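Below are the sequence and a predicted model; questions follow.
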Amino acid sequence: MSVAVLGAGAFGTALAVALAAKGPVVLWGRRIGWTGENPLLPGVTLPTAVTVTERLAEARAEVLLIAIPAQALGGFLETHAGALEGRALVACAKGIDLATGRSPAGMLAAACPAATVAVLTGPSFAADIARGLPTALTLACADAEAGHALQHQLSTPALRLYRTTDVVGAELGGALKNVIAIAAGAAIGAGLGDSARAAIVTRGFAEMARFAAAQGAEPETLAGLSGLGDLILTATSAQSRNFRYGQALGQGAAFGAAVTVEGAATARAVTRLAAAQGIEMPISALVAGLAGGRIDVKQAMELLLARPLKEE
């Protein structure tokens with residue numbers, strides 16, 4: 001099967017570089033202002049097997065990896081959904097759409113009902129993938145046969161994919177860990193220490209599992225690469241945009257407006273959904289407040305510490 005990547009940001013470019021080891025790959029972006037090297041991935045030269053284009057018609061592959069940010073995906077689909085029908089669409093963004101409350105896979109399935117929809121998620125940084133460093137991800141597809149084929153098509157010697165049919169769990173793990181990573185970064189940025197971060201990550205994971213279970217996810221999915229694995233990476237490394245954004249919030253510092261921080265929008269979206277379903281998500285709610293400028297880190301910590309004592 002031929003492969004194309006839609007979305008020429010750091011992650012989309014890294015996937016194109018990795019998959020070029022197996023054959024030609026088309027990399028599409030709206031505005032490609034570079035040649036040879038994506039400035040978001042300094043030091044990584046595109047292989048000759050990667051063809052970069054701004055013309056979506058040139059991405060005629062059977063498998064399309066959709067690496068468009070979750071909050072931009074809806075607008076893209078409004079214009080281009082017809083061009084994606086009937087193919088295998090692999091959602092690579094992590095988040096929950098503010099406008100619809102849907103995940104990227106849910107948006108793709110709604111816009112392209114004749115397509116086979118899958119999800120690629122898990123603990124990974126674009127720079128690691130692009131440089132061929134060992135990385136393990138989750139490939140989720142409700143159609144087990146199609147998932148098996150995609151697993152073999154998209155795995156490389158350095159990029160190992162584990163397969164599941166639990167699309168809901170895989171996507172929610174990837175989306176919600178960004179929210180908790182912001183909280184962890186805020187704790188470090190405010191000088192609250194590693195013990196506070198460990199507490200936030202642990203209780204945050206409980207929130208993730210509680211919310212995902214209410215949506216029908218399998219518990220073991222959240223305990224795997226796409227949940228706990230991704231949370232550990234994102235909440236402990238300064239390579240994570242969400243963690244750095246949280247650090248900036250904790251320090252009261254500005255953060256680059258052009259940098260995509262999916263966790264900020266996801267916090268707002270998941271807090272709405274949780275409230276409508278009666279699910280307790282205190283850390284996510286506080287992250288939404290921090291990102292919206294309604295509270296500061298000191299107030300957030302006071303609110304968390306003032307919660308009633310309970311069993312773990």
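Structure received.

Tell me how the chain divides into domains.
3-165, 168-306 (the TED database).

For Glu312, find the nearest of these.
domain 168-306 (8.4 Å; C-beta to C-beta). The way it works is simple: take the backbone N, C-alpha and C, and place the C-beta from them, glycine included.

tell me the mean pLDDT for that closest one?
Across domain 168-306, the average pLDDT comes to 94.

related to what we said a few turns ago, including distance to Glu312 and mean neighbour count, could the domains of the chain go into JSON lines?
Formatted as JSON lines, these follow (distance: least, C-beta to C-beta, whole Å; neighbours: other C-beta atoms under 10 Å):
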{"stretch": "domain 3-165", "distance to Glu312": "25", "mean neighbour count": "19"}
{"stretch": "domain 168-306", "distance to Glu312": "8", "mean neighbour count": "20"}
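
Chain neighbours aside, what residue packs nearest to Gly132?
Computed as C-beta to C-beta, 6 or more residues apart in numbering, the closest residue to Gly132 that is not its neighbour in sequence is Ala158, at 4.7 Å.

any idea how far the one you found lies from Asp128?
Noted for Ala158: a distance of 9 Å to Asp128, by C-beta to C-beta, to the nearest Å.

any chance you could map the helices in the stretch 151-300 of the chain?
With DSSP state H, counting those that start in this stretch as the criterion, the stretch 151-300 of the chain has helices at 167-189, 194-214, 219-222, 230-234, 241-251, 262-277, 282-291, 297-305.

Spit out the residues that contact Ala158 and Asp128 alike.
Here Ala158 and Asp128 have Thr135 as joint contacts, going by C-beta atoms under 8 Å, 6 or more residues apart in numbering.

before we move on, the earlier item: now do the residue nearest to Gly132 against Gly292, distance only.
39 Å.

Check Val44 too.
Per C-beta to C-beta, Val44 is found 35 Å from Gly292.

Ok, Asn242 next?
Look at Asn242 and Gly292: by C-beta to C-beta, they are 16 Å apart.

Could you do Val259 as well?
From Val259 to Gly292 the distance is 17 Å (C-beta to C-beta).

residues making contact with stretch 197-205?
Stretch 197-205 is contacted by residues 179-180, 183-184, 187-188, 222, 227-228, 231-232, 235-236, 283-284 when judged by C-beta under 8 Å, 6+ apart.

Could you identify the most distant pair in those?
Across the contacts of stretch 197-205 (C-beta to C-beta), the longest gap, 23.7 Å, separates Ile188 and Leu222.

Tell me which residues touch the residue nearest to the spatial centre of the chain, please.
Centroid-nearest residue in the chain: Lys94, 2.3 Å away (criterion: C-alpha atoms, centre = their mean). Shown in contact with Lys94 (C-beta under 8 Å, 6+ apart): Ala70, Pro104, Thr121, Glu171, Gly174, Ala175, Lys177, Asn178, Glu262, Thr266.

Can I take it that it is in a strand?
No. Remark: Lys94 does not belong to a strand; assigned using DSSP: H, G, I helix; E, B strand; the rest coil, it is coil.

how about the nearest residue to it, chain neighbours excluded?
Excluding the flanking residues, the one nearest Lys94 by C-beta to C-beta, 6+ apart is Gly174, at 3.9 Å.

so who does that neighbour touch?
Counted by C-beta under 8 Å, 6+ apart, Gly174 has contacts Lys94, Val119, Thr121, Gly122, Ser226, Gly227, Asp230.

For Thr156, see how far away it is.
20 Å.

what do you get for Glu220?
Per C-beta to C-beta, Glu220 is found 25 Å from Thr156.

helix, strand or coil for Thr35?
coil.

can you pull the contacts of it?
By C-beta under 8 Å, 6+ apart, the residues touching Thr35 are Val52.

Give me the pLDDT value at it.
If you check Thr35, the pLDDT there is 83.

Then Asp97?
Asp97 is assigned 95 on the pLDDT scale.

Quick check on it: phi, psi?
phi -70, psi 130 (degrees, to the nearest 10).

Great, nothing more from me.
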